[in-house]
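K.L.:
have a look; sequence and predicted model below, questions after that.
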Amino acid sequence: MKKQIQEFLRKEHPDIDFAVSYPPEGLGDYSTNIAFLLARQSLGEGGLAKKTGGNPQKLALSIVEGLRNEFKNQFEKIEIAKNGFINFYLSKKYLLDNLSEVLKFPDIGKSKTVIVEYSQPNIAKVMHVGHLRSTVLGDALANIYEALGYKVIRWNYLGDWGTQFGKLISAYKMWGKEEEVKTNPIETLNDLYVRFHDELKNRPELEEKGREEFKKLEEGDEENRKLWKWFKNESLKEFEKIYRILGVKFDTYTGESSFEKDLKPLVEELRNKGIAKESQGAVIISLDQFNLLPALIQRSDGASLYLTRDIAALKYRIKEYKPEKILYVVGNEQSLHFDQLKAIAKISGLDETEISHIKFGLILGKDKKKLSSREGGAVPIKELIDKAVELSGKAVGISALKYFILKEHRLSDIVFDWDRILNLKGDSGPYLQYTYARLASIKSKAGTISKSKNLESLNKEIDVSLMKKMIKFPEILTLTVENNLTNILTLYLYELCNLINRFYESVPVLKEDDEKIRNARLGLVSLMIQILEKGFNLLGIEAPERI
RNA sequence: GCCCCCGUAGUUCAAUGGAUAGAAUGAGAAACUUCUAAUUUCUAGAUGGAGGUUCGAUUCCUCCCGGGGGUACCA
């Protein structure tokens, strides 16, 4: 509806800049502002002056007249407030006619492809809180894009290539034991890697060794290949366990290593085209024109870098999937990397796909420092999951964790506090689930809900407020996708639950004497259930019938 | 140094350039013989500082202060 108003105004008055928004409680369902028109006494601009004969009041009235004509079926009232807002009040007829369609979402994707890259764990390393935010956020965004008609490819771009493997392989060759890796792969490998870094402080020559091993790996050394494959398989098994608990799925796990053979030709190509050049033995792309630091795409020893692989991956994705856009759900700290990637895409003709870095803030501990485990490293996801499940059970605990991440604006750092996350009260996952369970309970006690939901018999304020809230579900999803902000959807669901609880407390459903009203309320309850289920589903939150 | 992100009640977070800056939590009251009190209702409390653009700024611009991140051979 918001969009229809906007489009109509834009068409009728292309010379005036309208913005349609949601007014505060009690002041209508939509509003748009014309205060600037009324304030502009003389209407200096030629077009407007001509249009109104220099009389803004008259123009305002004619705008409202036009709106009333156009939208007489949708709004029962369109009026100008004293302070220069046009307020729109949805008509009940419109609500009744359209409420049943509220779960049919607009097809804004039109089957165009969107690649959502998220989670991106590193092989042979534990997944930590940063991966959790990417995983939960990426999964929810992928769900919502899909619901709005996009063809979504969920891509877990594994960190399975790079110097780190050289280091790991060196470490394994020096200190590793096969049985240990077999029994406890990730932790053992992680420890080996950490030990390598610790010893590096006293033995700087190890750095060189690590690079050598990676170079051997890149050149196809059989033993290193075998080790790498083994480490990767073991890691994937561990990751799968975590994804299963989180209820997250991917379409592909194609990682950095897959583009390994494209890298040399890619660097060659970029050099031939004059885009890349040599500098201090390495190969760089100068990005002065974008006001960015130069991008390094090949090390002086010839080995590839993260960015090189990302360019190759981008090229591959464009060729293979022709996506409209790619969402990289990756932390804030990699902004430079993606700015560089975007710039390189532009100058090398890879610009038909929109590159969108969905960046997010850090997860901090209660002390506002980077969240770390007792040993000082990043906290493994597994620990968080175990704790959540231990304290609240699987359905509630995991959902609480996810909700806590999704309700926050992407760019803010999240302060992680278990007391808040698992708080059963207030703006929390359990609150939403509790609300759902209350409805589910009514539904199951009602038995079958009669098909004829005569919603027009509902006249109480709370009933109508609920209808008005529910009918906004599709446009909230659109807004969520336009901004790639899941907190828009979580806030909506939270506010909806607020209304539902007020409804639950203030009017009877099963205990309503008037059969007509009882049936209508049951119809309303059934709709609430459907919206909550869908909303939870999109966020990746479970909807338990009992809690 | 340069680049990016952030700064809002005691605390944790909201607010497409618009209305009386919303919630949650904590604190203080109130409501269960009634569909799950993990609920609801009421009270108290905030835009880091200085300018600028605008009819109107938490939002945009400049400077300052504070926190975090990045800054070529990690990812």
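P.N.:
Looks like it came in fine. Residues are numbered from 1 along each chain as shown, chains lettered A, B, ... in the order given.

K.L.:
for the rest of this, base every contact and every neighbour count on C-alpha atoms.
P.N.:
OK.

K.L.:
can you show me the helices along the stretch 51-200 of chain A?
P.N.:
A:56-70, A:92-98, A:129-147, A:163-175, A:178-183, A:185-200 (DSSP state H, counting those that start in this stretch).

K.L.:
out of those helices, which is closest to A:Leu539?
P.N.:
Nearest to A:Leu539, of all those, is helix A:129-147, at 4.8 Å by CA to CA.

K.L.:
which residues touch the closest one?
P.N.:
A:105, A:109, A:116-121, A:151-154, A:248-249, A:329-331, A:362-363, A:378-381, A:402, A:405-406, A:477, A:481, A:484, A:486, A:538-540 (CA atoms under 8 Å, 6 or more residues apart in numbering).

K.L.:
what about it, average pLDDT?
P.N.:
Helix A:129-147 shows a mean pLDDT of 95.

K.L.:
make TSV out of the helices of the stretch 51-200 of chain A and add mean neighbour count and distance to A:Asn519.
P.N.:
Formatted as TSV, the helices of the stretch 51-200 of chain A follow (neighbours: other CA atoms under 10 Å; distance: least, CA to CA, whole Å):
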stretch	mean neighbour count	distance to A:Asn519
helix A:56-70	16	34
helix A:92-98	15	15
helix A:129-147	24	30
helix A:163-175	21	64
helix A:178-183	12	59
helix A:185-200	18	56
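
K.L.:
need the residues of the stretch 51-200 of chain A near RNA strand B, please.
P.N.:
A:81, A:83, A:85-87, A:122, A:159, A:161-164 (CA under 7 Å from any atom of the strand).

K.L.:
closest one of the residues you listed to RNA strand B?
P.N.:
A:Gly162 (3.5 Å; CA to the nearest atom of the strand).

K.L.:
which one is A:Ser526 nearest to, not counting chain neighbours?
P.N.:
Distances taken as CA to CA, 6 or more residues apart in numbering place A:Lys443 nearest to A:Ser526, at 7.3 Å, with adjacent residues excluded.

K.L.:
read off the pLDDT value for the one you found.
P.N.:
93.

K.L.:
what residue ranges in the stretch 301-450 of chain A score low on pLDDT?
P.N.:
Applying pLDDT under 70 to the stretch 301-450 of chain A picks out residues A:373-377, A:449-450.

K.L.:
again with the stretch 151-300 of chain A
P.N.:
Ranges of the stretch 151-300 of chain A meeting pLDDT under 70: none found.

K.L.:
nearest to RNA strand B: which residue in it?
P.N.:
A:Arg299 (3.0 Å).

K.L.:
before we move on, back to that, which ones among the contacts of helix A:129-147 map onto strands?
P.N.:
A:116-117, A:151-154, A:329, A:363 (DSSP state E).

K.L.:
which two among those are spaced furthest apart?
P.N.:
A:Lys151 and A:Ile363 (30.6 Å).

K.L.:
per the record, what domains does chain A have?
P.N.:
A:2-90, A:162-247, A:429-539 (automatic domain parsing).

K.L.:
could I get the full set of helices for the stretch 201-350 of chain A?
P.N.:
Using DSSP H, counting those that start in this stretch, helices in the stretch 201-350 of chain A cover A:205-218, A:222-246, A:260-272, A:306-321, A:335-347.

K.L.:
among those, which is nearest A:Lys92?
P.N.:
helix A:222-246 (40.9 Å).

K.L.:
so for that closest one, what gets flagged as buried?
P.N.:
A:224-225, A:227-228, A:231-232, A:234-236, A:238-239, A:242, A:246 (16 or more other CA atoms under 10 Å).

K.L.:
sorry, back to before: and of the domains of chain A, who's closest to A:Phe338?
P.N.:
It's domain A:429-539; of those, that one is closest to A:Phe338 (CA to CA) at 16.7 Å.

K.L.:
please compute how far the closest one lies from its chain's middle.
P.N.:
Mean C-alpha position of domain A:429-539 versus that of the full chain (CA atoms, centre = their mean, to the nearest Å) differs by 24 Å.

K.L.:
cool, stretch A:426-436 as well?
P.N.:
20 Å.

K.L.:
one more: stretch A:145-160?
P.N.:
Averaged over its C-alpha atoms, stretch A:145-160 has a centre that lies 11 Å from its chain's centre (CA atoms, centre = their mean).

K.L.:
ends of it, how far apart?
P.N.:
One end of stretch A:145-160 sits 28 Å from the other (CA to CA, to the nearest Å).

K.L.:
buried residues in that stretch, which are they?
P.N.:
A:145-160.

K.L.:
what of stretch A:473-482?
P.N.:
A:473-478, A:480-481.

K.L.:
which one of those is nearest RNA strand B?
P.N.:
Closest to RNA strand B, out of all of these and judged by CA to the nearest atom of the strand, is A:Thr480, at 10.2 Å.

K.L.:
quick check, the closest one in contact with A:Tyr492.
P.N.:
No - using CA atoms under 8 Å, A:Thr480 is not in contact with A:Tyr492, being 10.3 Å away.

K.L.:
average model confidence for stretch A:5-14?
P.N.:
Per-residue scores along stretch A:5-14 average to 89.

K.L.:
actually stretch A:35-48, not the one I wrote
P.N.:
65.

K.L.:
ok, A:Glu187 to A:Arg521 distance?
P.N.:
54 Å.

K.L.:
for A:Lys359, what are its contacts?
P.N.:
Contacts of A:Lys359 by CA under 8 Å, 6+ apart are A:328-332, A:335, A:410-411.

K.L.:
including distance to A:Leu99 and neighbour count, could those residues go into CSV?
P.N.:
Below are the contacts of A:Lys359 laid out as CSV (distance: CA to CA, whole Å; neighbours: other CA atoms under 10 Å):
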residue, distance to A:Leu99, neighbour count
A:Tyr328, 35, 22
A:Val329, 34, 25
A:Val330, 37, 25
A:Gly331, 39, 19
A:Asn332, 40, 18
A:Ser335, 42, 15
A:Arg410, 31, 22
A:Leu411, 34, 14
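
K.L.:
so which of these also contact RNA strand B?
P.N.:
Applying CA under 7 Å from any atom of the strand to the contacts of A:Lys359, those adjacent to RNA strand B are A:332, A:335, A:410-411.

K.L.:
list just the nearest of the residues you listed to RNA strand B.
P.N.:
A:Leu411 (5.0 Å).
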